[in-house]
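Just to be clear, the model below is a prediction. Sequence and coordinates:
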Amino acid sequence: MVNILITGSNGQLGSELKNIYNTNLFKFEKPVNIEFTNIDTLDLTDSIFLKRFIEDHSFDFIINCAAYTNVDLAESEKEKATEINSLCVKNIVEAIENSVTRFIHISTDYVFDGKNHFPYTEEMKTNPTSEYGNSKLKGEEFALKYDKSIIIRTSWLYSTYGKNFAKTIYKLCKERESLNVVFDQIGTPTYAKDLAYAIFQILDQTIKEDHFYKGIYHYSNEGVCSWYDFAKIIAEKSYSKCKIYPIESKDYPTPVKRPFYSVLNKSKIKQTFNLDIPHWQDSLNEFFKNLNNF
Ligand SMILES: NC(=O)c1ccc[n+]([C@@H]2O[C@H](COP(=O)([O-])OP(=O)(O)OC[C@H]3O[C@@H](n4cnc5c(N)ncnc54)[C@H](OP(=O)(O)O)[C@@H]3O)[C@@H](O)[C@H]2O)c1
């Protein structure tokens, strides 16, 4: 039996992984047992408890979905963001030091400054422009100190679980006659359910081949859009009469300036793990099907 730990499993990505596993939507070739923990059952800031928990279970894999994800609040809560996004990763890595456990950690496009005009590859220079981005980059550095780590950077994550842009626009479209949405920030949405499948595919392949392709990988859905384009399609799929108007970022000030360009190049993850990644509009259709069943 392959023993797996998934932390932060009440978040968007963790919930998608849990749902796929509990409803047998993914068939592993070998039997696996997955321990899903959350902040109440396994608080990663408690390094002593964490170490004991990990030693007691001897996990073959740990997938860390726990994070501090409030980008704006991280500016005033720098210490908390650093504790969860950086120091908790250090705690995990220290707890599995000298073990055979393989570690999969999730990171973000916010490690880049968004000044590119072509998709970011894994080798490109990082340069975070926010406390959230800084804390996530430090987390990556801790993860990479361990020689059996995979880091998956993703962007614009949304899900039927938790709070996110897609659900917010869906709700606002029902309440308002019009919405202004920025059209000068370009990226790719990622349906967390697709990323969850990709993680299970990576696990399954690693278990089968007994080979772990360590390093950094980029994953989002296929295609490119602005937040305005994303919102416009959400409004259409909601059968809403709400009008969506494009505005510039300068007319929608936020505590943290968002990257203007955060498209990720996904060639490495597709080739290494033979992944077929859905286009963001197809995944949005899936999201709506699942939202209606919610
Ligand atoms: N959301 C995005 O747009 C986005 C974009 C790019 C990358 N990412 C990355 O993708 C990953 C998954 O994001 P997500 O959207 O699924 O995050 P999320 O919904 O915010 O979930 C994170 C989970 O971590 C838990 N957590 C916080 N502190 C913890 C601790 N000390 N110990 C254990 N659990 C703790 C949270 O619990 P509480 O809610 O109770 O605090 C929450 O359930 C993260 O690494 C994130 O940085 C996200």
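Looks like it arrived, so ask away.

Check whether residue 192 really touches residue 12, as I assumed.
Yes - look at residue 192 against residue 12 with Cβ atoms under 8 Å: they come within range, at 4.7 Å. C-beta here means a position set from N, CA and C on the backbone, and glycine is covered the same way.

what is in contact with the two at once?
Both residue 192 and residue 12 are contacted by 157-159, 161, under the criterion Cβ atoms under 8 Å, 6 or more residues apart in numbering.

Just put those residues in TSV and tack on secondary structure, distance to the ligand and pLDDT.
As requested, those are arranged in TSV below (DSSP: H, G, I helix; E, B strand; the rest coil; distance: Cβ to the nearest ligand atom, whole Å; pLDDT from 0 to 100):
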residue	secondary structure	distance to the ligand	pLDDT
157	strand	4	98
158	strand	7	98
159	coil	7	98
161	coil	7	98
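
show me what contacts residue 120?
Applying Cβ under 8 Å, 6+ apart, one finds that residue 120 lies in contact with 109, 112, 218, 262-265.

Among the residues you listed, which ones are in strands?
Secondary structure of the contacts of residue 120 is defined by DSSP state E; positions in strands are residue 218.

distance between whichever strand or helix holds residue 17 and the chain's centre?
Here residue 17 is covered by helix 12-22, with elements defined by DSSP states H and E. For helix 12-22, the gap between its own C-alpha mean and the chain's C-alpha mean amounts to 12 Å (Cα atoms, centre = their mean, to the nearest Å).

Over to stretch 187-200?
Here stretch 187-200 is found 7 Å from its chain centre; the criterion is Cα atoms, centre = their mean.

now it: mean pLDDT?
Confidence over stretch 187-200 (mean pLDDT, whole number) is 98.

ok, now stretch 96-108?
Looking at stretch 96-108 alone, the average pLDDT works out to 97.

ok, now stretch 53-61?
The average pLDDT within stretch 53-61 is 96.

what residues does it touch?
Contacts made with stretch 53-61 from outside it, assessed by Cβ under 8 Å, 6+ apart, are listed as 2-5, 35, 42, 62, 92, 95-96, 99-104, 203, 206-207.

which ones among those residues are found in strands?
Assignment to strands by DSSP E places the following of the contacts of stretch 53-61 there: 2-5, 35, 62, 102-104.

Buried ones among those?
2, 4-5, 35, 62, 102-104 (16 or more other Cβ atoms under 10 Å).

Out of the residues you listed, flag the one nearest to residue 20.
Checking those against residue 20 by Cβ to Cβ gives residue 4 as the nearest, at 12.8 Å.

ok, now how distant is that closest one from residue 218?
Counting by Cβ to Cβ, to the nearest Å, the gap between residue 4 and residue 218 amounts to 23 Å.

And for residue 79?
As defined by Cβ to Cβ, residue 79 lies at a distance of 29 Å from residue 218.

Could you list the residues of the stretch 51-200 of the chain in contact with the ligand?
For the stretch 51-200 of the chain, the residues in contact with the ligand under the definition Cβ under 6 Å from any ligand atom are 65-67, 69, 84, 88, 106, 108, 136, 154-157, 162.

By neighbour count, which of those wins?
Ranked by neighbour count (other Cβ atoms under 10 Å), those have residue 136 at the top, with 31 neighbours.

State the helix or strand in which that one lies.
In this structure, residue 136 is located in helix 131-145 according to DSSP H and E.

I'd like the average pLDDT over that helix.
The average of the pLDDT scores along helix 131-145 is 98.
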